[in-house]
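Undergrad: Pasting a predicted model and its sequence here:
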Amino acid sequence: MVRMSLVYLVLGLGLHLLTHLPLSFAWLANAAPSVFHLLVVGWATQMIFGVAYWMFPRLSRSAPYGSERASAVVFWCLNLGLVLRVVAEPTVPLSSAPIWEALLLTSAGFQWLASLVFVFTIWGRVREK
Amino acid sequence: MPRLSCWLVRCALLHLVVGFSLGAWMLSAKALAFHAIVGAWRAIHAEILLIGWLIQLAMGVSYWILPRDEQNQRQHAWRVWGALGTLNLGVGWSALGLGTQQEIVLAMGRVMEVAGVILYATAVFPRLRRASRLG
């Protein structure tokens, strides 16, 4: 998660730079929300998720970080959701193909699911020690 | 993790779920072309995630990991409890003000948020001063 967050930091700032260059791509003109979410979800939120998994009080000796499967669900849902969003969100106003709307809906579902599973998995580790 | 940190982090996690739920709903609205009704929800989404999630989580974790001073923490605990209450009430009032477009409600919410972070900062500041004095 921490590695991916670093990738999003670079991607987010790179895309931010591209949106300010005098390029005549309609897609880039619609990319402002994608840049913002690459940085706040991909970078900041994912970095927090990764650091929280590492430093919050351990759950038990046998499974110190809780369910690894649930953590993998958080990782994949958050990243797939974000990538789909970045691709589909600027494209929806430019294309009448329903696939882009379906991808955007899927992205919303994935990111929402990631937040729910993260809170569910980390909640038990937020405890007095 | 101290009890106060637990409460701050748990409240932050609840804000994360509410904020992401709102965000998912707004993104769905964009996909289904009814985003005209999203309007004020965007500001509420940002308020909940920026202050309720990010700032509150940072407060909770920093209260836990900053250099400890048991006497100071006992003495100033009421301030952090106050910060927890006022910050969360402030986010709620601000969201209500943004949703209803009532400036006075929004202003009250923002005042509570500022009061919350001032209470928190004044409680934690002596821990840093003592730690830097001890080297």
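TA: Right, received. Where do you want to start?
Undergrad: can we go C-alpha only for contacts and neighbour counts from here?
TA: Will do.
Undergrad: what ranges do the helices span in chain B?
TA: Taking DSSP state H as the test, the helices found in chain B are B:3-31, B:41-47, B:56-65, B:70-100, B:103-134.
Undergrad: how far is the longest one from where the chain is centred?
TA: Per CA atoms, centre = their mean, to the nearest Å, the displacement of helix B:103-134 from the mean C-alpha position of its chain is 11 Å.
Undergrad: and what of stretch A:120-129?
TA: With CA atoms, centre = their mean, you get 22 Å for stretch A:120-129.
Undergrad: and residue A:23, how many residues sit next to it?
TA: Residues near residue A:23, counting by other CA atoms under 10 Å in any protein chain shown, number 10.
Undergrad: which residues are contacting stretch B:47-56?
TA: For stretch B:47-56, contacts defined as CA atoms under 8 Å, 6 or more residues apart in numbering or on different chains pick out B:8-9, B:11-16, B:18-20, B:87-88, B:91, B:94-95.
Undergrad: what about that stretch, start to end distance?
TA: 12 Å (CA to CA, to the nearest Å).
Undergrad: I'd like the mean pLDDT over that stretch, please.
TA: Computed over stretch B:47-56, the mean pLDDT rounds to 96.
Undergrad: cool, and stretch A:69-83?
TA: The pLDDT scores in stretch A:69-83 average 95.
Undergrad: got it, and stretch B:111-129?
TA: Mean pLDDT, stretch B:111-129: 91.
Undergrad: If we go by neighbour counts, what in it is buried?
TA: Going by neighbour count (16 or more other CA atoms under 10 Å in any protein chain shown), the buried part of stretch B:111-129 is B:111-117, B:119-121, B:123-124, B:127.
Undergrad: who touches that stretch?
TA: Stretch B:111-129 is contacted by residues B:59, B:63, B:66-69, B:72-73, B:76-77, B:79-80, B:82-91 when judged by CA under 8 Å, 6+ apart.
Undergrad: now residue B:18, nearest residue through space, not along the chain?
TA: Distances taken as CA to CA, 6 or more residues apart in numbering or on different chains place residue B:48 nearest to residue B:18, at 7.6 Å, with adjacent residues excluded.
Undergrad: Just the buried residues from the contacts of stretch B:111-129, in ChimeraX please.
TA: Applying 16+ other CA under 10 Å to the contacts of stretch B:111-129, the buried members can be selected in ChimeraX as follows:
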select /B:59,63,73,76,77,79,80,82,83,84,86,87,88,89,90,91
